[in-house]
Every structure is written in C-alpha cells, then in structure tokens.
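Peer 1: let's see this in three dimensions:
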Amino acid sequence: MKVGYLGPKGTFSHEACLRCFDKEEKIPFRTIKETIQALVNDEIDRCIVPIENSLQGCVVETIDTLIADKNIYVIGEEILEIKQNLMANKNYSLDEIKIVYSHPQALAQCRKFIDNNLKQAEIINVASTALAALEVSKKNYCACIGNIECLKEYNLELLKANIQDNSFNKTRFWILSKNKNTAIGTKMSIIFKTEHKPGSLYRVLKVFNDYNINLTKIESRPDKKSAFEYYFLVDCETSNLNIEQALDELKTQTPYFRMLGIYNEGGNYGA
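Peer 2: As a prediction, the model looks like this:
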C-alpha cells in the first residue's frame, strides 16, 4: 500500500502519517491538492491531509479539493498537537534573522511571536514547513518555522521552541480513500448545497435539530461555478439511532448532497 502526505519529510502531515501508517510506503507531495489528486489518479492508495487547525480554522485547500473531486471518502481522523519552532542553519540571534520561511498556516499560528521578535525579517510563504526547513538549511541569516523533527532531518539549530501564539494548538487530519469505510464510526462528514431561496439553510439545519443530531462543525465554501452560492461542510456525531432516516430527509431538502464518510478518530489505517 502507498500512502501520500504533504511533504517533504518533517512536516506535521508526515508526523501524522507515521502515526496512522506503519509499514506502508509513504510518498511525499508538494501541495495538498497534488496529494489528493494522486489518490484520484490511483498513484497512491490512501492519503492524509490537514482539514482544520484549532487556532486558524479550516484548511480551505483541502475542502475545495474535496468538493472538486467527488469520488474521495474520509475513512479516519487523527488529531495532532502542534508545536511550532524557530530554526536556522546556525545559532543566530533573533535580530540577525533577515528572512523567515514557512507555510501560511504556521506563520499565522505564530503571528504574535513574529510581530514581537522578528519585525525586521521578511516573511516568505512556502508550500510546507519542511520545504521551509530545506530552504533555510542552504541560506545564512534565514530562519524557518516548523516541526522540531526538521532539526535532525535538515541539520538545523533551534533558535526558539514553542513559539505558537496559543499552547492549545491542534490540527485535525483526515485519512482519505477511494473506498468507503464500511465500519461503524462516531463521526460523520457531509457536503451539501441549498436552494437559493429564503429559509433553505434553516430547513436543512432543522432536520439535524428534529433528529437530535449534534453538529460539531459547519463551514461554507463558495461554489466557484455560481456567484455567491455556497457549499456547506458539516461534521456531526452519529450516536442517534435514526441517522439513516435523517440522511434520507436531508437529501430531500438539498439539490446537492454528498456523504464524505463515517469514521473514528485514531487508529491504524494500513492494509
């Protein structure tokens, strides 16, 4: 089995991948979209991608790619505690740093530290925290923000540990497959659209209320084919015994409805 993740080695996605998969071949990709597309194209059997951060919210690249690729399913979830670290190829003082590289999510998670300690530095976005580490390993007076695993992987020095704005910093990762999960899970994710009429969203949400289904997340994303119309991503608990009846009723209230998956948190998702 081949498993894709947002690489290179040393990203938080790589760490989550190692937790969920043991002996499987692990293949890095440069972007989340490329990771999911490799699954669509049967280059890999499964992949793991970030879906939400507790500080910065949803990862829109993941949601938008899942909306576009309709034959992908969520089969599991992993939650990883995120500790961001400032690293460089030498032990510089903070005022010597001229450029800071990292992924936009990591930079946003460390905004206070950057504003207070690295005002003089240029900020450059890259596709992953590990790519930032690779870049910094070859450049003087530059630093990166990312996983502590990058220290050993790219022969870096630790300038400052745990620089995230909030200690309660976690990221949810989804394990994706082209095959539905047949096991019973505690969580469910769906995508739907409503009619462009007054009260349409209310009528959909009323179904969840009528069946006493607890929503844990609702997120809207624009339908890029129709101006100011939206898809909705909903996560909910599956403890209600009448979940199938609720789903049947939801389908009658939505012109577009798609089950992303029923799944559990944690576990090994190998063959």
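Peer 1: output the lowest mean pLDDT helix or strand found in the chain.
Peer 2: strand 57-58 (a mean of 89; mean pLDDT, DSSP states H and E).
Peer 1: got the CA positions of stretch 55-63 in CSV?
Peer 2: Extracted as CSV, the C-alpha positions of stretch 55-63 are listed here (Å, rounded to 0.1, in the frame of the first residue of the first chain):
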residue,chain,number,x,y,z
LEU,A,55,-6.3,28.4,16.0
GLN,A,56,-6.6,29.2,12.3
GLY,A,57,-9.7,27.2,11.4
CYS,A,58,-10.3,25.2,8.2
VAL,A,59,-7.7,24.4,5.6
VAL,A,60,-9.5,25.7,2.6
GLU,A,61,-7.2,24.0,0.1
THR,A,62,-8.3,20.6,1.5
ILE,A,63,-12.1,21.5,1.5
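Peer 1: quick one: contacts of that stretch?
Peer 2: 31-33, 36, 49-53, 105, 108-109, 164-166, 168-169, 174, 219, 221, 233 (CB atoms under 8 Å, 6 or more residues apart in numbering). Heads up, the C-betas are built off the backbone N, CA and C, glycines and all.
Peer 1: which among those residues count as buried?
Peer 2: Neighbour-count burial (16 or more other CB atoms under 10 Å) is assigned, among those, to 32-33, 36, 49-53, 105, 108-109, 164-165, 169, 174, 219, 221, 233.
Peer 1: those residues in helices, which ones?
Peer 2: Ile32, Lys33, Ile36, Gln105, Ala108, Gln109 (DSSP state H).
Peer 1: okay, the residues you listed in TSV with distance to Ala130 next?
Peer 2: Formatted as TSV, those follow (distance: CB to CB, whole Å):
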residue	distance to Ala130
Ile32	14
Lys33	17
Ile36	18
Gln105	13
Ala108	17
Gln109	16
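Peer 1: what segments of the chain are helices?
Peer 2: Under the criterion DSSP H, helices of the chain are mapped to 12-20, 32-40, 60-68, 104-109, 111-117, 129-136, 150-153, 200-210, 243-252.
Peer 1: so which of the ones you listed gets nearest Lys2?
Peer 2: helix 32-40 (8.8 Å; CB to CB).
Peer 1: quick one: the closest one to chain centroid distance?
Peer 2: Using CA atoms, centre = their mean, to the nearest Å, the mean C-alpha position of helix 32-40 is found 13 Å from that of the whole chain.
Peer 1: what's the domain layout of the chain?
Peer 2: For the chain, the domain assignment from automatic domain parsing gives the residue ranges 2-81+169-177, 85-160, 188-263.
Peer 1: out of the ones you listed, which comes closest to Tyr269?
Peer 2: Ranking those by distance to Tyr269, with CB to CB as the measure, places domain 2-81+169-177 first at 4.9 Å.
Peer 1: end-to-end on the closest one?
Peer 2: Taking CA to CA, to the nearest Å, the first and last residues of domain 2-81+169-177 lie 11 Å apart.
Peer 1: count of neighbours near the nearest residue to Asp95 once chain neighbours are set aside?
Peer 2: In this structure, Asp95 finds its nearest non-sequential neighbour in Gln120, 6.6 Å apart by CB to CB, 6 or more residues apart in numbering. For Gln120, the count of nearby residues is 10 (other CB atoms under 10 Å).
Peer 1: for Ala161, same thing?
Peer 2: Ala161 has 11 nearby residues by other CB under 10 Å.
Peer 1: cool, Lys23 as well?
Peer 2: A count of nearby residues for Lys23, using other CB under 10 Å, gives 9.
Peer 1: with Arg111 instead?
Peer 2: By other CB under 10 Å, 14 other residues sit near Arg111.
Peer 1: check contacts around it.
Peer 2: Here Arg111 is in contact with Asp165 (CB under 8 Å, 6+ apart).
Peer 1: rerun at 10 Å
Peer 2: The contact partners of Arg111, by CB atoms under 10 Å, 6 or more residues apart in numbering, come to Leu55, Gln56, Ile123, Gln164, Asp165.
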